[in-house]
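Novice: Fold the stuff below for me.
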Amino acid sequence: MHIKINDLKRFCVIMLETVGVKGIDAATTADALTTADAWGIFTHGTKLLAGYLPRLRAGGWNAKGKPRVDREGPAWSIVDGDHALGQVGGVFAMRRAMAIARNSGLAYVGLKNTGHIGAAGYFASLAAGEGMIGVAMGNDIPSVAAPNSRGAVLGSNPIAYAIPAGERDPILLDMATAAVAGGKVYAAWQRGEPIPPTWIVGPDGKPTTDGSLYPAHASLAPMAGHKGFGLGLLVETLAGLLTCGAVTWRVGSWLFDDPALPTRHNAAFLAIDVATIAPHDEFSARVAALIDEIHETPKAEGAERIFVPGEMEWERRRKAIAEGIDLPPDVRDKLKSIVKDLQLSDSWINEIVVDYFSNRNQL
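Specialist: Residues are numbered from 1 along each chain as shown. Modelled structure (predicted):
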């Protein structure tokens, strides 16, 4: 079943409105979640609502929270997220970074006291859409081991960047500093699929393929060993330490902790205004030439293409715009559970989406 992006967006807005998130905040969050689904990053898309809504209902996250500037200087700002949704705080902070960068050329904005930010690449892409290089990152409760540790030390601490490329799609990379995002371990285990031995380490600190152990009895492996651990530590510094926000075990679990308690997530955003530093057209041409050079590199035997980061996601998004999004079974099940929990009709999930929204005067 394919669902139109706008219909899925409307569904998200309706669900968020039922727990008190209104207006632009509901629309902002819906756009971030459906964009992740359109990119094919289903672990960070609309299925997150199943965890977000109970926490908003219980008050751990502030449905009416309004991010505000706490302190700032000529090329930096610290934003207090008011325990609102991470997507709300993240868009506010990235747009603040972009506004500062237009004057100073580059900017750092830290975000403290926010919720789970979802796909970091969404925020980086906002900057690229306005001709800026964007970087976004966030910290989380520890779930990732350090080399030689027998337990988690840092969160999966994602980091993303987006580089504008003129008329072409931006270069876009979004990655956890763990070997894999925790959501992928959950999803594989829920689908009954085996996981590679490089994804998690057991309670003895050794690799394991038993996904059921995570997170209670296993930790994610750091990406590329000490390199991923070091990068995760940089994210912890920029998102948590520099903002004077919570770090490591002082950050709450948005999935497992009491939903009435704030999670105190933190994030950081960088914006570089290309036009302030280099001639815009020349920069775009240089990025395009670099992309072409990468594409023209001799291919390995049997390989059809060499991809630049983000190409697969943008191609999936164009297909989703044309054909709708084919949500995988685990996402559909999560959304069905939301509908059931809120005692709403689930007809939308059975190929009558338009009727579902029409019945609620949303079209």
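Novice: contacts, neighbours, all on C-alpha from now
Specialist: Noted.
Novice: Can you mark which positions in stretch 180-189 are buried?
Specialist: Under the neighbour-count criterion of 16 or more other Cα atoms under 10 Å, stretch 180-189 has Val180, Ala181, Gly182, Lys184, Val185, Tyr186, Ala187, Trp189 buried.
Novice: got a list of what the fifth one touches?
Specialist: Going back to what we said before, that points to Val185. Ile195, Trp199, Gly211, Tyr214 (Cα atoms under 8 Å, 6 or more residues apart in numbering).
Novice: Next SSE downstream of the helix or strand harbouring it?
Specialist: Following DSSP states H and E, one finds Val185 within helix 182-190. Using DSSP H and E, the helix or strand that directly follows helix 182-190 along the chain is strand 200-201.
Novice: Can you show me the strands along this protein?
Specialist: 2-3, 68-73, 76-80, 106-114, 132-138, 144-145, 152-154, 159-165, 168-175, 200-201, 207-208, 219-220, 265-273, 325-326 (DSSP state E).
Novice: Can you add distance to Ala99, mean neighbour count and mean pLDDT and give the ones you listed back as JSON lines?
Specialist: Formatted as JSON lines, those follow (distance: least, Cα to Cα, whole Å; neighbours: other Cα atoms under 10 Å; pLDDT from 0 to 100):
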{"stretch": "strand 2-3", "distance to Ala99": "35", "mean neighbour count": "18", "mean pLDDT": "90"}
{"stretch": "strand 68-73", "distance to Ala99": "13", "mean neighbour count": "13", "mean pLDDT": "97"}
{"stretch": "strand 76-80", "distance to Ala99": "11", "mean neighbour count": "22", "mean pLDDT": "98"}
{"stretch": "strand 106-114", "distance to Ala99": "9", "mean neighbour count": "28", "mean pLDDT": "98"}
{"stretch": "strand 132-138", "distance to Ala99": "11", "mean neighbour count": "30", "mean pLDDT": "98"}
{"stretch": "strand 144-145", "distance to Ala99": "34", "mean neighbour count": "30", "mean pLDDT": "97"}
{"stretch": "strand 152-154", "distance to Ala99": "31", "mean neighbour count": "24", "mean pLDDT": "98"}
{"stretch": "strand 159-165", "distance to Ala99": "17", "mean neighbour count": "25", "mean pLDDT": "98"}
{"stretch": "strand 168-175", "distance to Ala99": "20", "mean neighbour count": "20", "mean pLDDT": "97"}
{"stretch": "strand 200-201", "distance to Ala99": "40", "mean neighbour count": "30", "mean pLDDT": "96"}
{"stretch": "strand 207-208", "distance to Ala99": "45", "mean neighbour count": "18", "mean pLDDT": "94"}
{"stretch": "strand 219-220", "distance to Ala99": "37", "mean neighbour count": "32", "mean pLDDT": "96"}
{"stretch": "strand 265-273", "distance to Ala99": "9", "mean neighbour count": "30", "mean pLDDT": "98"}
{"stretch": "strand 325-326", "distance to Ala99": "33", "mean neighbour count": "19", "mean pLDDT": "94"}
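Novice: can I get those strands in JSON lines with distance to Phe307?
Specialist: Below are the strands of the chain laid out as JSON lines (distance: least, Cα to Cα, whole Å):
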{"stretch": "strand 2-3", "distance to Phe307": "26"}
{"stretch": "strand 68-73", "distance to Phe307": "39"}
{"stretch": "strand 76-80", "distance to Phe307": "34"}
{"stretch": "strand 106-114", "distance to Phe307": "28"}
{"stretch": "strand 132-138", "distance to Phe307": "20"}
{"stretch": "strand 144-145", "distance to Phe307": "28"}
{"stretch": "strand 152-154", "distance to Phe307": "30"}
{"stretch": "strand 159-165", "distance to Phe307": "15"}
{"stretch": "strand 168-175", "distance to Phe307": "10"}
{"stretch": "strand 200-201", "distance to Phe307": "27"}
{"stretch": "strand 207-208", "distance to Phe307": "30"}
{"stretch": "strand 219-220", "distance to Phe307": "27"}
{"stretch": "strand 265-273", "distance to Phe307": "24"}
{"stretch": "strand 325-326", "distance to Phe307": "22"}
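Novice: wait, which of those is closest to Phe123?
Specialist: strand 132-138 (6.3 Å; Cα to Cα).
Novice: The contacts of Val185: which two are farthest apart?
Specialist: Using Cα to Cα for every pair in these, the one that comes out farthest apart is Ile195 and Tyr214, at 11.4 Å.
Novice: who has more neighbours, the two?
Specialist: Neighbour tally, Ile195 and Tyr214, criterion other Cα atoms under 10 Å: the higher count belongs to Tyr214, 19 against 16.
Novice: Save the contacts of Val185 as CSV, and put in distance to Ala267 and pLDDT too.
Specialist: As requested, the contacts of Val185 are arranged in CSV below (distance: Cα to Cα, whole Å; pLDDT from 0 to 100):
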residue, distance to Ala267, pLDDT
Ile195, 29, 93
Trp199, 24, 96
Gly211, 28, 92
Tyr214, 24, 92
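Novice: CA atoms of stretch 117-129 as PDB?
Specialist: Taking Å, rounded to 0.1, in the frame of the first residue of the first chain, the C-alpha atoms of stretch 117-129 are listed here in PDB:
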ATOM      1  CA  ILE A 117      15.400  14.900  17.300                       C
ATOM      2  CA  GLY A 118      14.800  12.100  14.900                       C
ATOM      3  CA  ALA A 119      16.600  12.300  11.600                       C
ATOM      4  CA  ALA A 120      19.500  14.700  12.000                       C
ATOM      5  CA  GLY A 121      19.800  14.900   8.200                       C
ATOM      6  CA  TYR A 122      16.400  16.700   8.000                       C
ATOM      7  CA  PHE A 123      17.900  19.800   9.800                       C
ATOM      8  CA  ALA A 124      21.100  19.800   7.800                       C
ATOM      9  CA  SER A 125      19.000  19.700   4.600                       C
ATOM     10  CA  LEU A 126      17.100  22.800   5.600                       C
ATOM     11  CA  ALA A 127      20.400  24.700   5.500                       C
ATOM     12  CA  ALA A 128      21.400  23.200   2.100                       C
ATOM     13  CA  GLY A 129      18.000  24.200   0.700                       C
END
